[in-house]
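> Give me coordinates for this.
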Amino acid sequence: MLAADRKIVRWDPKLLLAFDALSRLGSVTEAAEKLNITQQGLSTQLARLREITGDSLFHWSNSGMQLTPTAEKLSPRVTAAIAALEDLNKLEEFDPNIIDNEITIASTDYVITLLAPTLLRMLREESPNVTLRLRHIEHKGLNSSSYDDVDLVLSVPEFLSPKGSGLHLFSETYSGFARSGHPINQAKSISIEDFLRYDHVLVSPFKGDAFGPTDVALQNVGKARRIGLVVPDFSVVGDILSKTDLICILPDRLQESLGSSISRFQTPVPIEGFDIFAYRPKHLENDPLNNWLLEIVRRCVSEISLNK
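Below is the predicted model:
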């Protein structure tokens, strides 16, 4: 270590604060109180300062403690050093209005269909120049390195990696949906026989499997439905239902996205719902932009939940 380096190390922050307090207050008692240390502790620091500088630094007079010429020269430098250290400890204030970042969210098709319009509006209201990039989650989940470049993942727990923190956003339930003039919407109560009389649309984003939570519920009561159509995403369901006699079991919050010509009905068997979580990589957990993004997502969910 060079001699200059040793001098820098010797002037640690505690000594800077001790010198500053003594020079400003002119009293060991008051300076010790301000620093929240004992007078003996401050006296030890003063002795250390005198050893480093080779000067007494302070002396007593009729008007109280006075600075020596050396201390007078040191005072503005110590003040500047403390200000510089305080600057280092301040995080740059985050202002969403001036950012022009591209924000990437990976999610299920359901969440994209549900949140995208409201989320984009909320982001643009606070950050007009932000670009929102949405991408689908792969069925293999979040253990893939392909998620290294995402800011946030919105998904069911099955796709959440233990490497990051999962934050619960909301719980969802299922209902049946069909065009408003469909015979199933005219019935006062719907029996299982009514429910199974019509072909169903099933949304299967990944493998196209013709089996979902509704089939599990029916299986539990010894029944099975006929799947007339399997589609890869939710965005086409509203148009299909409006033009056919197919029915579909969907998350309740999607009703608004289906259009005014689609009505909801209660299923004759209870279907287990699901939870949506937000995941973010550990290295972004204290990032101001990511914290802001997560807060926007939470507000978006709250607004949609109120309209449910």
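> Which helix or strand in this protein has the lowest average pLDDT?
The least trusted helix or strand in the chain, going by mean pLDDT, DSSP states H and E, turns out to be helix 3-10, with a mean of 48.
> Buried residues, the next helix or strand after it. List them.
Counting by DSSP states H and E, the next helix or strand C-terminal to helix 3-10 is helix 13-25. For helix 13-25, the neighbour count (16 or more other C-beta atoms under 10 Å) marks 15-23, 25 as buried. C-beta: built from backbone N, CA, C; applies to glycine.
> Check stretch 57-64 too.
Buried residues in stretch 57-64, counting neighbours by 16+ other C-beta under 10 Å, are found at 57-58.
> what's in contact with that stretch?
For stretch 57-64, contacts defined as C-beta atoms under 8 Å, 6 or more residues apart in numbering pick out 19, 22-23, 26-27, 46, 49-50, 65-68, 70-71, 74.
> Kindly report the same for stretch 32-41.
Contacts to stretch 32-41, defined as C-beta under 8 Å, 6+ apart, come from residues 17-18, 21, 25, 28-29, 42.
> switch to 10 Å and redo it
Applying C-beta atoms under 10 Å, 6 or more residues apart in numbering, the contact partners of stretch 32-41 are 14, 17-18, 20-22, 24-25, 27-29, 31, 42-45.
> hang on, the earlier thing: farthest pair in the contacts of stretch 57-64?
Maximum pairwise distance in the contacts of stretch 57-64, criterion C-beta to C-beta, is 20.0 Å, between S27 and T70.
> Helices along this protein, start to end?
Taking DSSP state H, the helices of the chain run over residues 3-10, 13-25, 28-35, 39-53, 69-88, 109-126, 192-196, 213-220, 237-243, 255-258, 288-306.
> Summarise which helices and strands the fifth one is packed against.
Applying 3 or more C-beta pairs under 10 Å, 6 or more residues apart in numbering; DSSP states H and E, one finds that helix 69-88 makes contact with helix 13-25, helix 39-53, strand 64-67.
> nearest to Q186, of those?
So among these, helix 13-25 is nearest, using C-beta to C-beta, at 77.3 Å.
> Just the CA atoms of the closest one, as PDB, please.
Output in PDB follows, covering the C-alpha atoms of helix 13-25 (Å, rounded to 0.1, in the frame of the first residue of the first chain):
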ATOM      1  CA  PRO A  13     -15.900   8.500   8.300                       C
ATOM      2  CA  LYS A  14     -16.200   8.400  12.100                       C
ATOM      3  CA  LEU A  15     -13.200  10.700  12.500                       C
ATOM      4  CA  LEU A  16     -14.500  13.100   9.800                       C
ATOM      5  CA  LEU A  17     -17.800  13.300  11.700                       C
ATOM      6  CA  ALA A  18     -16.000  13.800  15.100                       C
ATOM      7  CA  PHE A  19     -13.900  16.600  13.700                       C
ATOM      8  CA  ASP A  20     -17.000  18.200  12.100                       C
ATOM      9  CA  ALA A  21     -19.000  18.000  15.300                       C
ATOM     10  CA  LEU A  22     -16.300  19.400  17.500                       C
ATOM     11  CA  SER A  23     -15.500  22.300  15.100                       C
ATOM     12  CA  ARG A  24     -19.100  23.300  14.800                       C
ATOM     13  CA  LEU A  25     -20.300  22.900  18.400                       C
END
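> That one - contacts with which helices or strands?
For helix 13-25, the elements it packs on are helix 28-35, helix 39-53, strand 58-61, strand 64-67, helix 69-88, judged by 3+ C-beta pairs under 10 Å, 6+ apart.
> The fourth one pairs with which strands, parallel or anti?
What that stands for is strand 64-67. Next to strand 64-67 in the sheet, as set by DSSP bridges, lie strand 58-61 (antiparallel).
> re the thing from before, can you lay out the helices of the chain as JSON lines showing distance to G228?
As requested, the helices of the chain are exported to JSON lines (distance: least, C-beta to C-beta, whole Å):
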{"stretch": "helix 3-10", "distance to G228": "77"}
{"stretch": "helix 13-25", "distance to G228": "72"}
{"stretch": "helix 28-35", "distance to G228": "77"}
{"stretch": "helix 39-53", "distance to G228": "81"}
{"stretch": "helix 69-88", "distance to G228": "65"}
{"stretch": "helix 109-126", "distance to G228": "20"}
{"stretch": "helix 192-196", "distance to G228": "12"}
{"stretch": "helix 213-220", "distance to G228": "13"}
{"stretch": "helix 237-243", "distance to G228": "10"}
{"stretch": "helix 255-258", "distance to G228": "18"}
{"stretch": "helix 288-306", "distance to G228": "29"}
